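> I would like the atomic coordinates for the input below:
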Amino acid sequence: KESRNRTENVVDNPLGPFRAAGQPMYRRNNLDFAPRFGFSWQPFGQKRFVLRGGYGVFWGGPGSLEEPVLLQLNTVNTFNVTNTDNPNLAYPLDPTAVKGILASSGRFVVDPNASDMYTQQWNLTGEYQVSDSSTMRAAYVGNHAVHVMGANEPNDFDPLIGSRPNPAIGQVYEQTRQDGTLYDALELSYRRRFSRGLGLDAHYTWSHAIGIESGSQEVSSGIGIGSEQIQSFQNRALSRGNLPFDVRHQLAMDFHYELPNGNLSSAPLRKLLNGWGLSGISALTSGDPFNVITGGDTGDARLNQRPNIVPGINPIINGVSPANGMLNLAAFTIPTTVTPSTGLVLGDMANNVLRTRDVFTLAGALTKTTKIREGLNLEFRAEFFNVTNHPNFGAAFNNLAVPALFGKSLTVGRPREGQLGLKLLF
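Have a look, this model is predicted:
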């Protein structure tokens, strides 16, 4: 129910009653201070070298998934039935059990007192002019995000008391602003402007992204569903680690070369042999991080339990195609030790410590431009993608509960492709 863009599905306590209709969804904040600073300096009168740097604070508003999705999911008669709330649950469903579920349906809520998200960004860059057509650049780039949109499940089953903290309601998904990220990167690049028939770019980035991320980096997890980043919400700090977008090494290169035109006396030969060009673009990146889960319950009715790592056994199988299995099943064991303070059974595997295989792509094009007359040219293009036909495999199947598929990559990138084109330019 809404009134003047206000809503009543907001709570001051995620396990408490809804706010009265007409109260605001968020606490107003008019104190978001965003200073910016930058400089540019040519030290010691060096005309070919320049040093640049900057720092800034940038504030963000509500996430795109926070308001509309939460409002949509808090519709009438939306509930689920699990054996967490009904240990004697069986099929066919007992109609008397539905009455209890309707009285304890779950909810999707936001924290009205959440702080606004902000990022601190900084960089220091040195650039040197090698020649009239080429430059080299080195930069350090940093980004620290605070109060990042994330998820919380405060009404998960508590094994110490044998029920949910508030048995009167079911599962609770709370949108919060308690996650944080830190990104550091070294960027190196060489650039040659097109000159004497050749243009070239080469860029390398080493980076590391670390923090606590409970779902906002994944589309399916923007409302706290489907994320494997948090093993247990009772101890979020245990899930601090590599972020889903932590790609350590990235190398990208592109070029365009126009073959020299020959000064031929024969007009047909000039049209046949002149006007050729060759282009290419290539990228090599290290693999994306991912988790392994047991498929079992940590004790709070969540199925994001991570395994224990067996010391001395490499979890990665090298020299084998990921399609046949890239994870060593013997490197993982199912945890059985109960943590006395929480009653949970948690694995000791850290968050996102495994990585997919490196990704390599190479695309090229052969072009021929033929002048028909003044202002009219014919362009021929032969373009090829994944020239080396290199297979880029997706993440391995990561659920130990399905050993037949565990460790196998079930997806792969596109094979080599080519296309021809003819274009009349006038």
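> The stretch 301-426 of the chain: helices as residue ranges?
Taking DSSP state H, counting those that start in this stretch as the criterion, the stretch 301-426 of the chain contains no helices.
> Counting neighbours, what do you get for Thr339?
The local packing of Thr339 (other CB atoms under 10 Å) involves 16 other residues. Every C-beta, even on glycine, is put in place using the N, C-alpha and C of the backbone.
> do the same with Gln234
Gln234 has 20 neighbours, counted by other CB under 10 Å.
> Is the nearest residue to Thr367 once chain neighbours are set aside bridged to anything, and to what?
Taking CB to CB, 6 or more residues apart in numbering, and ignoring the residues beside it in sequence, Thr367 has Gly277 as its nearest neighbour in space, at 4.3 Å. Beta bridges link Gly277 to Glu258, Thr367, judged by DSSP bridges.
> so how far does stretch 257-277 reach from one end to the other?
One end of stretch 257-277 sits 6 Å from the other (CA to CA, to the nearest Å).
> chain center to that stretch: distance?
Relative to the chain's own centre, stretch 257-277 is displaced by 48 Å; criterion: CA atoms, centre = their mean, to the nearest Å.
> Same check on stretch 339-349?
28 Å.
> And stretch 353-361, by the same measure?
Centroid displacement of stretch 353-361 relative to its chain, using CA atoms, centre = their mean, is 14 Å.
> Between the two ends of it, how far is it?
Stretch 353-361 stretches 24 Å from its first residue to its last (CA to CA).
> What residues of it count as buried?
Of the residues in stretch 353-361, those with enough neighbours to count as buried (16 or more other CB atoms under 10 Å) are 354-357, 359-361.
> Closest one to Leu425 out of those residues, please.
Taking CB to CB as the measure, Leu425 lies nearest Thr361 of those, at 28.8 Å.
> That closest one pairs with what?
When assigned by DSSP bridges, Thr361 has beta-bridge partners Ala283.
> Name all residues that make contact with it.
When contacts are counted by CB atoms under 8 Å, 6 or more residues apart in numbering, Thr361 touches 282-283, 386, 390, 392, 413.
> rerun at 7 Å
Contact criterion CB atoms under 7 Å, 6 or more residues apart in numbering gives 282-283, 386 as the residues in contact with Thr361.
> how far away is it from Ala283?
Noted for Thr361: a distance of 5 Å to Ala283, by CB to CB, to the nearest Å.
> Contact partners for the closest residue to Asn386 other than its chain neighbours?
The shortest distance from Asn386 to any residue other than its chain neighbours is 4.8 Å, reached at Arg416 (CB to CB, 6+ apart). The contact partners of Arg416, by CB under 7 Å, 6+ apart, come to 384, 386-387, 389.
> quick one: which of these is nearest Gly45?
When those are compared for distance to Gly45 (CB to CB), Val387 wins out at 46.7 Å.
> For Pro244, see how far away the residue nearest to Asn386 is.
From Arg416 over to Pro244 the distance is 29 Å, taken as CB to CB.
> Look up the closest residue to Ala382, ignoring the ones flanking it.
Take Ala382 and drop its neighbours on the chain: the residue closest to it by CB to CB, 6+ apart is Leu366, 4.5 Å away.
> Strands along the stretch 201-350 of the chain, start to end?
Shown for the stretch 201-350 of the chain, the strands assigned by DSSP state E, counting those that start in this stretch span residues 241-242, 249-258, 276-285, 289-290, 308-309, 332-333.
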